[in-house]
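Colleague: A predicted structure for the sequence below; I have some questions about it.
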Amino acid sequence: MPLSHGPHFKELKRLMREQQLHTICEEAACPNIGECWGEFRTASFLLLGDTCTRNCGFCDVTTGRPGSVDWGEPLRLAEAVTRLQLRHVVITSVTRDDLDDGGAAIFAATIRQLKKRDPALGVEVLIPDFQGNWDALGVVMQAQPDILNHNLETVPRLYSRVRPKAIYGQSLELLRRAKALSPRTPTKSGLMVGLGETRDELLAVFSDLRANNVDVLTVGQYLRPSLRHLPVERHVPPAEFDELRTIARDMGFRHVESGPLVRSSYHAHAQLQ
């Protein structure tokens, strides 16, 4: 899919640099950046800098020692969204295990700044696990995001390779607690395929997500960012993605995005409709 380099795409890119902001679209080399920025007027912003404290086997975000928290970031981000007249934003962050709250306060401040300027703006947050700090999760939910997203990424058996510092059960509990804190807020999670999982393992994760009242599911092909990342074990054919979508819908997911180039924020604007 060719990237769009239209006026809106270029304006968003220029404004990101001007406001010293980061997007996961760029940092994670998302293949859908042109479509989302140019056609749908949506973008996924990266809070808390561009350096992550974890080193997941699939992720292209820089790993290292992050800088200090920039408390002016929520205001600058909200101003950028207003200037660009975006319709839907996804707010995520690098994982900050160095912070007591994992960055929850920054998430909450950003949600409030965005909603203050445009109450009709769709705001999705894609949050880390906060190392099981449920008070931090409460801070985010109190700010009333429109969608709460936390990605499981893969099946439990592969966590030691794919998400070595994460805990499958803890991530499921986060999703369950988010729904309990705000029953009307849609919850969402995403999975990659092609990392060596079996079909039965994948469907078991679908079942676990539904058992924890998750509403929205995304399923996409893992693509190796570089030779230092995990290899692709299998390229899943498009027909199989279609089948997975049908199975997931039959399980009760309200919205499912399943396809080779699907990423967590793909068509995020449609998931509120």
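Modeller: That came through fine. Numbering: from 1, shown residues only.
Colleague: any idea how far stretch 191-209 is from the chain center?
Modeller: 18 Å (C-alpha atoms, centre = their mean, to the nearest Å).
Colleague: next, the buried residues of it.
Modeller: Leu191, Met192, Val193, Gly194, Leu195, Gly196, Glu197, Leu202, Val205, Phe206, Asp208, Leu209 (16 or more other C-beta atoms under 10 Å). Yep, even glycine has a C-beta here, placed from its N, CA and C like the rest.
Colleague: contacting residues for the fourth one?
Modeller: It stands for Gly194. Residues touching Gly194, when contacts are defined by C-beta atoms under 8 Å, 6 or more residues apart in numbering, comprise Gln221, Tyr222, Val232, Glu233, Arg234, His235, Val236.
Colleague: restricted to buried residues, select those in ChimeraX.
Modeller: Of those, the buried ones can be selected in ChimeraX as follows, counting by 16+ other C-beta under 10 Å:
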select :221,222,232,236
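Colleague: out of the contacts of Gly194, what pair is the most spread apart?
Modeller: Taking C-beta to C-beta as the measure, these span a maximum distance of 11.1 Å, between Gln221 and Glu233.
Colleague: which residues does the residue positioned nearest the centre of the chain form a beta bridge with?
Modeller: The geometric centre of the chain, computed from its C-alpha atoms, lies nearest to Leu126 (C-alpha atoms, centre = their mean), at 4.0 Å. Following DSSP bridges, Leu126 is listed with bridge partners Thr92, Asn149.
Colleague: tell me the buried residues in stretch 62-74?
Modeller: Neighbour-count burial for stretch 62-74 flags Pro66, Val69, Glu73, Pro74 (criterion: 16+ other C-beta under 10 Å).
Colleague: doesn't Asp242 belong to a helix?
Modeller: Yes: secondary structure assignment (DSSP: H, G, I helix; E, B strand; the rest coil) places Asp242 inside a helix.
Colleague: residues touching the residue nearest to it when sequence neighbours are not counted, list them.
Modeller: The shortest distance from Asp242 to any residue other than its chain neighbours is 7.1 Å, reached at Ser258 (C-beta to C-beta, 6 or more residues apart in numbering). Taking C-beta under 8 Å, 6+ apart as the criterion, Ser258 is in contact with Leu217, Thr218, Val219, Gly220, Phe241, Asp242, Leu244, Arg245, Ala248.
Colleague: helix/strand/coil for Ser258?
Modeller: Three states are possible here, and by three-state DSSP the one that applies to Ser258 is strand.
Colleague: equivalent analysis for Ser189, please.
Modeller: Per three-state DSSP, the secondary structure class of Ser189 is strand.
Colleague: quick one, what contacts it?
Modeller: For Ser189, the residues meeting the contact criterion (C-beta under 8 Å, 6+ apart) are Asn149, His150, Asn151, Leu152, Leu175, Leu209, Val214, Val216, Leu217, Thr218.
Colleague: make a markdown table from the residues you listed and add secondary structure, pLDDT and distance to Gly49 to it.
Modeller: Converted to a markdown table, the contacts of Ser189 look like this (DSSP: H, G, I helix; E, B strand; the rest coil; pLDDT from 0 to 100; distance: C-beta to C-beta, whole Å):
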| residue | secondary structure | pLDDT | distance to Gly49 |
| --- | --- | --- | --- |
| Asn149 | strand | 98 | 20 |
| His150 | coil | 98 | 20 |
| Asn151 | coil | 98 | 20 |
| Leu152 | coil | 98 | 24 |
| Leu175 | helix | 98 | 25 |
| Leu209 | helix | 98 | 30 |
| Val214 | coil | 98 | 29 |
| Val216 | strand | 97 | 27 |
| Leu217 | strand | 97 | 29 |
| Thr218 | strand | 97 | 25 |
